[in-house]
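Trainee: Please find the sequence and the predicted model below.
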Amino acid sequence: MIAVDLPDEAATESLAARLAGLAVRGDVIALSGPLGAGKTVFARAFIRAAGAADDAVPSPTFTLVQTYEGRGATIWHFDCYRLADAEEAWELGIEEAFAEGISLIEWPERIARLLPRNRLDLALSDGPTPTSRRATLSASREWGPRLAELTTGA
């Protein structure tokens, strides 16, 4: 587990860009935290850093999923907050996303039983100031070497 202090939104965006540089096809990144914690800020920065969008990146709050063509894979951005049941995720194409894309999943606890073991869990929480956050990253074994790159800056 790694904890990263994020003093402002720019630091959240920087973390997202660094993780986008490490992500590969088949990766799942589960973004948890309360409303306003920065999950969508993280996802937008990740999507842009992965070369998938030059313009607006809307929140999938109402559409539930948005897709973007990245440099190495399609990026699937899910917002599971409005799902009544985890099984609804199948209708959104989550199986295809897990197999062929990079998945960013907001509110992953709504579909916890469907999440693959091989994933990166990123929990955002409030920091000591109104604009700061703390990111806690927990990863499967497959993510371990890549997270080591993240912390060493390699």
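Mentor: Structure's in. What do you need?
Trainee: For the rest of this, base every contact and every neighbour count on C-alpha atoms.
Mentor: OK.
Trainee: For residue 50, see how far away residue 64 is.
Mentor: 21 Å (Cα to Cα, to the nearest Å).
Trainee: more crowded one of the two?
Mentor: residue 50 (25 against 17; other Cα atoms under 10 Å).
Trainee: Residues contacting stretch 31-48, please?
Mentor: 9, 12-17, 19-20, 53-54, 57, 59, 68, 70, 75, 77, 104-109, 121-126, 133 (Cα atoms under 8 Å, 6 or more residues apart in numbering).
Trainee: Report the backbone C-alpha coordinates of the one helix or strand residue 15 maps to in CSV.
Mentor: Taking DSSP states H and E as the criterion, residue 15 maps to helix 9-20. The C-alpha trace of helix 9-20 is given here as CSV (Å, rounded to 0.1, in the frame of the first residue of the first chain):
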residue,chain,number,x,y,z
GLU,A,9,-5.9,19.5,-8.0
ALA,A,10,-2.7,19.8,-10.1
ALA,A,11,-1.1,17.1,-7.9
THR,A,12,-4.1,14.8,-8.5
GLU,A,13,-3.8,15.4,-12.2
SER,A,14,0.0,14.7,-12.0
LEU,A,15,-0.6,11.4,-10.2
ALA,A,16,-3.2,10.4,-12.9
ALA,A,17,-0.8,11.2,-15.7
ARG,A,18,2.0,9.2,-14.1
LEU,A,19,-0.4,6.2,-13.7
ALA,A,20,-1.6,6.6,-17.3
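Trainee: Sounds good, over and out.
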